[in-house]
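**Q** Structure, please.
(2 chains)
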Amino acid sequence: MSARENILQRIRAANGRTGALTPAERETALARLRAHPRGPLPDMGWELLPRFKERCIAMMSSVAEINSVADVPQAVAKYLTENKLPLSGACWPEFANLDWAGAGLQIAARPANGDDKVGITGTYCAVAENGTLMLLSGQDSHATTSLLPDNHIAVVPASRIVRAMEDGWDLLRREHDSLPRQVNFVSGPSRTADIEMTLVMGAHGPFRVHVVIVV
Amino acid sequence: MQVTSQQFKQAASQKLADPKVQKALKNAKGKLVVARAKSILELDNFEEIREAAARIRDFGLLNLEALLEEWEKNAKTAGAIVHWAETPQDVNRLVIEITQKHKVRKIIKSKSMLGEETDLNHALEAAGLDVRETDLGEYIIQQFGETPSHIIAPAVHKSMDDIADLFTEKHKRPRLTDIAALTHEAREILRPHFLDADMGISGANFLVAETGSTMIVTNEGNGRMTTTMPRVHVAIAGIEKIIATLEDVSLMLRLLTRSATGQSISNYLSFTTGPKRPGDKDGPGEFHVIIVDAGRTRILGSEIREALRCIRCGACMNHCPVYQNIGGHAYGWVYPGPIGSILTPAYVGIENALDLPNAATLCNQCGVVCPVKIPLPELMRKLREKQVERNLRPWTERLGLKLWAWAATRPAVYALMTRIAARVGRMMGGESGMLHKLPAAGREWTRGRDLPAPKGRTFRELRARQKGR
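**A** From the prediction side, this is the model:
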């Protein structure tokens, strides 16, 4: 017998069963998967946008608001200059045609590599509950761009801010047939407290996360 | 990992007398307990969510077979390669086989307690592979050649000075004396390895049956690197990690991060489903998941089944008055604190960890803070009973209890003995009225404290006198 069979056999015995599951029993067990009911949620009687901004800041992200995607390069330039950060980097292809040069920036539409200091991404949706970006990996949404550069700038359309993680999953189920290779929920810059329980930003991922909300 | 739980008493005494360990524990205790208490206040219905979390975990255990098969089906559909391992040795063998298949030389690893159980790093090193822990705490511990002393803060017992000395020696750079600078030095040292490693190994906080995903919770970003940068990714996960749906995981996460570090959410929650898709510019070409028993089915069918609800947050140890004073290493295996006192005997054999279920006051701080409501004191009591049933207690203890039972069931003998003890006790207490040294089993008790001496009359005598009045 294979390891798989042995393990399943022991599970059966431990759960007080003798034979394998009947199709009907299996369906009963899996009914929860089909229905995926929500558990009890905490009170969420707040407004989406103010809550999202407040929680982003609590998670040590910074926030800016603009009126149109066309304003992204100016917003990025402002952030980078104010913080004395490098003016070049990589962005997701969806921002390839923005006027980066006009804002004094050198931004290439390609996956970020280990040398890039700035990575600019979109966002699948954002979760107001904890100031979280929901990012899907994919052909045009490179996972490395939000990970390798010291500075991650994310563009979030206000219309894509949802209340809870559960709402993010519902959106994903509606818009996609299956999960991408990786779904990442990102809440602020990378951090660690592994030395004497002292919090330090910039462990292995970005030192800074800047959220540009398009309202 | 080698089991040293039988040396618990000596190790605990050592840790109590070690000022460095005491300082580190005091620092950690204050921070983690306060942070958790504050963050659970954000959930107005914390107890309701906690009850639901316990039910979600029980649902997973009761339907383990159906959920694992469904998880496997969905993971395979997404392109994952699924393996099953019955023993810790099987896990290490499977990982090494995958490294051989892909001609792997360098491995980066994100934190996995299951990897500690199987002693994976040593097995990989013995097979000639270069394996690097990348979680800062685990990296520090690996460089020291030690084992973690806490499941979420592995290097909590090390001071900044210890780490500065270590980094100076290992990194051959000028000595730094600032925590942020040390953290960033480790970042610089590890970054090139993230970029050129052949394989990444991660654990899993949960397996999601509905989607066939493995998911990890991290703050540093090393987990994302490990699961994205190398060309092969291997995730190892215990069978009990199964959760039915994405909704159920979302609920668990509200409790996990708050119970662990007091964070409302960890920085990165990463759900991985299969390898790189056609057209993807990043991600591993091959994704393996090893589903592991290694003693879990034995627990499933035992009286401590509820221990499998554990989501490895560490709250029970953070709040345990015993752990707070001796730290994690004294427990002698992978999992310290109350949950370790239950899991260690279950995994390594009850006879190899006799002191652990007894190393608790049963104060139930752990039971109160456990996010999945594991009745930890009750399970420790069950293990104590089992030790007695299997005659595993020392003969002196057994004899002592027999003698006591003999006397206690004979009221006249009992009354006489207590009268003698009360009088002798008063004499021995002398002017201070304190006993500094008790005989026999009492010796251990008075090693660290005094016992107020009896005042000379037993309760029965006083009661009799009162009645006579």
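**Q** residues in contact with the spatially most central residue of chain B?
**A** Geometric centre of chain B, nearest residue: B:Tyr335, 3.0 Å, by C-alpha atoms, centre = their mean. Shown in contact with B:Tyr335 (C-beta atoms under 8 Å, 6 or more residues apart in numbering or on different chains): B:113, B:151, B:343-344. In short, each C-beta sits where N, CA and C put it, glycine included.
**Q** Pipe these into CSV and attach pLDDT and neighbour count per row.
**A** Shown next, in CSV, are these (pLDDT from 0 to 100; neighbours: other C-beta atoms under 10 Å in any protein chain shown):
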residue, pLDDT, neighbour count
B:Met113, 97, 15
B:Ile151, 94, 22
B:Leu343, 97, 26
B:Thr344, 97, 25
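**Q** can I get the residues you listed in JSON lines with distance to chain A?
**A** Output for the contacts of B:Tyr335, formatted as JSON lines (distance: C-beta to the nearest C-beta, whole Å):
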{"residue": "B:Met113", "distance to chain A": "15"}
{"residue": "B:Ile151", "distance to chain A": "13"}
{"residue": "B:Leu343", "distance to chain A": "16"}
{"residue": "B:Thr344", "distance to chain A": "20"}
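**Q** hang on, the residue nearest to the centre of chain B is in a strand, isn't it?
**A** No. Counting by DSSP: H, G, I helix; E, B strand; the rest coil, B:Tyr335 is located in no strand; its state is coil.
**Q** so how far is B:Gly327 from it?
**A** Applying C-beta to C-beta, to the nearest Å, the value for B:Tyr335 to B:Gly327 is 13 Å.
**Q** measure whichever residue of chain A sits closest to chain B to A:Ala112 for me?
**A** Going by C-beta to the nearest C-beta, chain B is nearest to A:Gly205 of chain A, at 2.5 Å. Going from A:Gly205 to A:Ala112 by C-beta to C-beta gives 12 Å.
**Q** any residues in contact with both of the two?
**A** By C-beta under 8 Å, 6+ apart, the residues touching both A:Gly205 and A:Ala112 are A:Leu147.
**Q** Which residues does whatever helix or strand A:Glu5 lives in contact?
**A** Taking DSSP states H and E as the definition, A:Glu5 sits inside helix A:3-14. Helix A:3-14 has contacts (C-beta under 8 Å, 6+ apart) with A:1, A:18-20, B:64-65, B:68-69, B:83-86, B:90, B:239, B:291, B:293, B:297-298, B:300-301, B:305.
**Q** need the helix or strand of chain A with the lowest average pLDDT.
**A** helix A:23-35 (a mean of 91; mean pLDDT, DSSP states H and E).
**Q** what's next to it, contact-wise?
**A** A:21, B:59, B:63, B:66-67, B:69-70, B:209-210, B:244-245.
**Q** Show me which residues of that helix are buried.
**A** Judged by neighbour count (16 or more other C-beta atoms under 10 Å in any protein chain shown), helix A:23-35 contains these buried residues: A:26, A:29-30, A:32-33.
**Q** and the residue nearest the centre of chain A, helix, strand or coil?
**A** Residue closest to the mean C-alpha point of chain A, counted by C-alpha atoms, centre = their mean, is A:Met134 at 2.8 Å. Applying three-state DSSP to A:Met134 yields a three-state assignment of strand.
**Q** Show the contacting residues for it.
**A** A:123-127, A:165, A:168, A:183-185.
**Q** before we move on, what about A:Gln139?
**A** Contacts of A:Gln139 by C-beta under 8 Å, 6+ apart are B:277, B:279-281.
**Q** and those residues, which are buried?
**A** For the contacts of A:Gln139, buried by 16+ other C-beta under 10 Å: B:277, B:280-281.
**Q** in which helix or strand would I find B:Leu190?
**A** Counting by DSSP H and E, B:Leu190 is found in helix B:179-196.
**Q** could you say what helices and strands that helix packs with?
**A** strand A:200-201, strand B:106-109, helix B:136-144, helix B:160-171, helix B:222-228 (3 or more C-beta pairs under 8 Å, 6 or more residues apart in numbering or on different chains; DSSP states H and E).
**Q** of all those, which lies closest to A:Asn151?
**A** strand A:200-201 (11.7 Å; C-beta to C-beta).
**Q** can you tell if that closest one touches chain B?
**A** Yes. Judged by C-beta under 8 Å from any C-beta of the partner chain, strand A:200-201 and chain B are in contact via A:Val200.
**Q** show me where pLDDT drops low in chain B?
**A** B:469 (pLDDT under 70).
**Q** Okay, strands next: where are they in chain A?
**A** Listed in chain order, the strands of chain A (DSSP state E) span A:62-66, A:88-91, A:106-109, A:118-121, A:125-127, A:132-136, A:151-157, A:161-162, A:182-186, A:191-192, A:200-201, A:208-214.
**Q** could I get those as JSON lines with mean pLDDT?
**A** JSON lines is the format used below for those (pLDDT from 0 to 100):
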{"stretch": "strand A:62-66", "mean pLDDT": "98"}
{"stretch": "strand A:88-91", "mean pLDDT": "98"}
{"stretch": "strand A:106-109", "mean pLDDT": "98"}
{"stretch": "strand A:118-121", "mean pLDDT": "98"}
{"stretch": "strand A:125-127", "mean pLDDT": "98"}
{"stretch": "strand A:132-136", "mean pLDDT": "98"}
{"stretch": "strand A:151-157", "mean pLDDT": "98"}
{"stretch": "strand A:161-162", "mean pLDDT": "98"}
{"stretch": "strand A:182-186", "mean pLDDT": "98"}
{"stretch": "strand A:191-192", "mean pLDDT": "96"}
{"stretch": "strand A:200-201", "mean pLDDT": "96"}
{"stretch": "strand A:208-214", "mean pLDDT": "98"}
